[in-house]
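Peer 1: When you get a sec, could you give me coordinates for this:
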Amino acid sequence: PYMYTQFCEKYRRWARVTKATMRISHKPGDAMQVDWIGDPLYITDSVTGELTPAYIFVAVLPCSWYTYAEACCDMKQERWLLCHVHAFSYFGGVPRLLIPDSCKTATTANTRYETVLNRSYQELAEHYGTAIVPARVKKPDDKAAAEGLVRFVSTWITAALRDRKFFSLAEAQQAVREKLEELNRRPFKKRPGCRLTAYEQEEKAYMRSLPVHAYEPAVWLHPKVGYDYLVSDGVNKYSVPYDLIGEKVDVRLTSQIVEVFYKQTRVAAHIRLDKPQRDPVVKPEHMPEHHRRYLNYTADDFTAWANTVGPNTVETVQFFLTVGREAEQGFKACASLTKLGSRYGAQRLEDACERVLRLTSTPTIRNISALCKASAERMPGLSFSLQQNASKTILLPFIVMGWQNDYNDLLENPPMLQITQYPHQKMLEIA
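Peer 2: The predicted structure follows:
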């Protein structure tokens, strides 16, 4: 065993060797490193005096140290993507690689064996033709330029503006832009020029060109459709086809549109609302049939439907709509009337309404339904038993509804009776 002093000496010698660092030579146009500054600026509410943090996004090109910074109201996914779009526009080109932290807005999983990128972030990279290589978890040295610049910008921008009061985000953003220009034009201490001239002379020619259209930031959500067949963007709710109830869908959110995908197929699209609304955005084609019918329950719609059936049905509907204090009190009876029309047909319903109105001035759904049913079944069958060599006389009264010919024709061509014989009885039915 070693003595304590000898052990300490050997350990120090080993530690010096293992702490060796390497200076990386950065190629022009090769990478852009991004990060958030830890210390925010603060926006003061002019009425209440409440302070709201404004976070600063930083992007740096490590070859020339050319820098972009922007003050933001939050660090959410949409703002993260928008800052990248602004940074590419500010640089006037796109680097080969993007090197972010291993944060949720960049990766969904980053282990020793695999890296799973955030879907929205991957879309941005594909749009600009670049690749994402996140830093390892708890390994800030993987993007040393951004880490060093974060400390420098904290001093150059955040510390320089800490005594200023900002009453709006736009005011803070303008101040950050002014300090950013000073930073990029500040001369280097150990080499000629500044960040701006170094970028223009050494790196700009190697940046990839920007696409024709800027990327519109999109955020992906993966909700499960509820029984109200609605999905939410965090502020408002939008409908999807009702047959997706209970299924997991992919929702793509941009500033202008809400798109819903199921198994890689777009099933719904809505214009995204800017302000919170009390009611959800629902398209009629996404609703079940009985939900659509319920929404169409209005006095005018019931009257229009009755006009397609006949005058007696119109009179019956008008009675239901006016018998109560408000028309809505008769909607249930009118809806039941439409169901009878669907089940028994328009002519049979019209005949039933005509007969009920001849008998009473206060028709009811029960009476109309009974007449429709009796008409549909014509005449109930009559069964009886006879002993051998016995006879029986039966009188069968019946009502002929909707008869268009004269009475003599009815006598000459009466309804026929059908006799069905069973082992111990016979059945008479109107044929």
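Peer 1: switch to C-alpha atoms for all contacts and neighbour counts from now on
Peer 2: OK.
Peer 1: most residues in a single strand of this structure, which one?
Peer 2: Assignment by DSSP state E gives strand 51-61 as the longest strand of the chain.
Peer 1: For that one, which strands pair with it and how are they oriented?
Peer 2: strand 31-36 (antiparallel), strand 41-44 (antiparallel), strand 66-72 (antiparallel) (DSSP bridges).
Peer 1: May I have that strand exported as PDB, CA atoms only?
Peer 2: Taking only C-alpha atoms (Å, rounded to 0.1, in the frame of the first residue of the first chain), the coordinates of strand 51-61 have been written out as PDB:
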ATOM      1  CA  LEU A  51     -42.200  41.400 -13.800                       C
ATOM      2  CA  THR A  52     -42.300  38.900 -16.700                       C
ATOM      3  CA  PRO A  53     -39.100  37.200 -17.800                       C
ATOM      4  CA  ALA A  54     -37.900  37.600 -21.400                       C
ATOM      5  CA  TYR A  55     -35.600  34.700 -22.300                       C
ATOM      6  CA  ILE A  56     -32.700  35.200 -24.700                       C
ATOM      7  CA  PHE A  57     -31.900  32.700 -27.500                       C
ATOM      8  CA  VAL A  58     -28.300  32.500 -28.800                       C
ATOM      9  CA  ALA A  59     -27.000  31.000 -32.000                       C
ATOM     10  CA  VAL A  60     -23.200  31.100 -32.900                       C
ATOM     11  CA  LEU A  61     -21.100  30.000 -35.900                       C
END
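Peer 1: got the buried residues for that strand?
Peer 2: 52, 53, 54, 55, 56, 57, 58, 59, 60, 61 (16 or more other CA atoms under 10 Å).
Peer 1: between those residues, which is closest to residue 330?
Peer 2: When the buried residues of strand 51-61 are ranked by distance to residue 330 (CA to CA), residue 52 comes first, at 54.8 Å.
Peer 1: out of everything not next to it in sequence, what's closest to the closest one?
Peer 2: Leaving aside its chain neighbours, residue 52 sits nearest to residue 43 (5.0 Å; criterion: CA to CA, 6 or more residues apart in numbering).
Peer 1: Okay, and the beta partners of the one you found?
Peer 2: Applying DSSP bridges, one finds that residue 43 bridges with residue 52, residue 166.
Peer 1: what about it, how many residues close to it?
Peer 2: 22 (other CA atoms under 10 Å).
Peer 1: want to try TSV for the strands paired with strand 51-61, with distance to residue 300 and mean pLDDT as columns?
Peer 2: Formatted as TSV, these follow (distance: least, CA to CA, whole Å; pLDDT from 0 to 100):
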stretch	distance to residue 300	mean pLDDT
strand 31-36	60	90
strand 41-44	55	92
strand 66-72	52	93
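Peer 1: Residue 320: helix or strand, and which one exactly?
Peer 2: Using DSSP states H and E, residue 320 sits within helix 311-322.
Peer 1: So residue 38, which state does it fall into?
Peer 2: Secondary structure state of residue 38, per DSSP: H, G, I helix; E, B strand; the rest coil, is coil.
Peer 1: Pull the contacting residues for it.
Peer 2: residue 55 (CA atoms under 8 Å, 6 or more residues apart in numbering).
Peer 1: try the one 5 residues further on
Peer 2: Applying CA under 8 Å, 6+ apart, one finds that residue 43 lies in contact with 51, 52, 53, 54, 165, 166, 167, 168, 169, 172.
Peer 1: quick one: the fourth one and residue 79 touch, right?
Peer 2: In this case it means residue 54. No - the criterion here is CA atoms under 8 Å, and residue 54 misses it with residue 79 at 12.0 Å.
Peer 1: Between these two, which contacts overlap?
Peer 2: Common neighbours of residue 54 and residue 79 (CA under 8 Å, 6+ apart) are residue 72.
Peer 1: can you give me phi and psi for residue 96?
Peer 2: Main-chain dihedrals, residue 96, degrees, to the nearest 10: phi -70, psi -40.
Peer 1: Also the one 3 residues further on?
Peer 2: As for residue 99, its main-chain torsions (degrees, to the nearest 10) stand at phi -120, psi 100.
Peer 1: Which residue is the nearest non-sequential neighbour of it?
Peer 2: Residue 99 sits nearest to residue 33 (CA to CA, 6+ apart), 4.7 Å away.
Peer 1: Could you report the neighbour count for that neighbour?
Peer 2: Residue 33, neighbours per other CA under 10 Å, totals 26.
Peer 1: Same check on residue 301?
Peer 2: Neighbours around residue 301, by other CA under 10 Å: 11.
Peer 1: For it, which residues are in contact?
Peer 2: Counting by CA under 8 Å, 6+ apart, there are no residues that residue 301 touches.
Peer 1: And the pLDDT at it?
Peer 2: As predicted, residue 301 sits at a pLDDT of 85.
Peer 1: Can you pull the phi/psi pair for it?
Peer 2: According to degrees, to the nearest 10, residue 301 has phi -70, psi -40.
Peer 1: ok, which stretches of the stretch 51-200 of the chain are helices?
Peer 2: Listed in chain order, the helices of the stretch 51-200 of the chain (DSSP state H, counting those that start in this stretch) span 77-91, 119-128, 144-153, 169-185, 195-198.
Peer 1: Tell me where the model's unsure across the protein.
Peer 2: Judged by pLDDT under 70, the chain has its weakly predicted residues at 22-24, 138-146, 149, 376-431.
Peer 1: about what we covered before: what is the nearest of the buried residues of strand 51-61 to residue 335?
Peer 2: Of all the buried residues of strand 51-61, residue 335 sits closest to residue 52, with 54.9 Å by CA to CA.
Peer 1: Identify the spatial nearest neighbour of residue 36, chain neighbours not counted.
Peer 2: If the residues on either side of it in the chain are set aside, residue 36 comes closest to residue 57, at 4.7 Å by CA to CA, 6+ apart.
Peer 1: Please apply the same query to residue 132.
Peer 2: Nearest residue to residue 132 in three dimensions, chain neighbours excluded: residue 98, at 4.7 Å (CA to CA, 6+ apart).
Peer 1: looking at it, the one you found is touching residue 130, isn't it?
Peer 2: Yes - in this structure, residue 98 is within contact of residue 130 by CA under 8 Å, at 7.0 Å.
Peer 1: quick one: which of the two has more around it?
Peer 2: Shown here are residue 98 and residue 130; by other CA under 10 Å, residue 98 has more neighbours (21 against 18).
Peer 1: What about residue 282, how many residues nearby?
Peer 2: 16.
Peer 1: just checking, it touches residue 239?
Peer 2: Yes - with contact defined as CA under 8 Å, residue 282 and residue 239 form a contacting pair (4.8 Å).
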